[in-house]
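**Q** What follows is a predicted structure for the sequence shown.
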Amino acid sequence: MNTIAIKSLIDSQDYVRARSLLNNIQHKTSMWYYLSSLIDYKKCWFDSALKNINTAIKMDNTNEMYNSFKAKLTNRPNNYSRDYYNSPRYRQNQGCCCDCCDCCDCCGCRLSCCDLICLDTCCECMGGDLIKCI
């Protein structure tokens, strides 16, 4: 397996050719799973990337590059979600980030205004109308 060529294709964002070269390899080594995980990560297929890097680590758990990449992959969501999901506004609005939902539960339905607007939009796409005034 020419890992340098595949890594070079990944670095140049030619994921289709990199994947094609990987798929032509019969014997899948830990490096194969690492490179596959890297392509998946670059394409934002995080579940598949995690599955592949876990397989690579099972095959070679002493490889620091694999362990480092897994740490990068598993710590990624915290960087994006920490500010929103742990903020007081999220807890106050039960997941809705707009101020229109401060008194969501006045009717006991446990739906926020944002949920209702989303449902109304879905209904309108199918020819119905949940909320006539919006």
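**A** That came through fine. Numbers count the residues shown, from 1 in each chain.

**Q** Where does pLDDT dip in this protein?
**A** 1, 76-111, 134 (pLDDT under 70).

**Q** Name the residue closest to the centre of this structure, please.
**A** residue 46 (5.0 Å; Cα atoms, centre = their mean).

**Q** so how far is residue 26 from it?
**A** 27 Å (Cβ to Cβ, to the nearest Å). Placement of C-beta: from N, CA and C, glycine included.

**Q** do you know how far the residue nearest to the centre of the chain is from residue 37?
**A** In terms of Cβ to Cβ, residue 46 sits 10 Å off from residue 37.

**Q** Overlap in contacts, those two.
**A** Here residue 46 and residue 37 have residue 73 as joint contacts, going by Cβ atoms under 8 Å, 6 or more residues apart in numbering.

**Q** thought the residue nearest to the centre of the chain was touching residue 53?
**A** No. Applying Cβ atoms under 8 Å, one finds residue 46 not in contact with residue 53, separated by 10.4 Å.

**Q** Name the residues contacting each of those two.
**A** Common neighbours of residue 46 and residue 53 (Cβ under 8 Å, 6+ apart) are residue 73.

**Q** Which residue ranges of the chain form helices?
**A** Ranges of helices in the chain, per DSSP state H, are 3-11, 15-23, 30-42, 46-59, 64-85, 88-92, 113-125.

**Q** Make JSON lines out of those and add distance to residue 132.
**A** Output for the helices of the chain, formatted as JSON lines (distance: least, Cβ to Cβ, whole Å):
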{"stretch": "helix 3-11", "distance to residue 132": "52"}
{"stretch": "helix 15-23", "distance to residue 132": "47"}
{"stretch": "helix 30-42", "distance to residue 132": "45"}
{"stretch": "helix 46-59", "distance to residue 132": "40"}
{"stretch": "helix 64-85", "distance to residue 132": "32"}
{"stretch": "helix 88-92", "distance to residue 132": "29"}
{"stretch": "helix 113-125", "distance to residue 132": "9"}
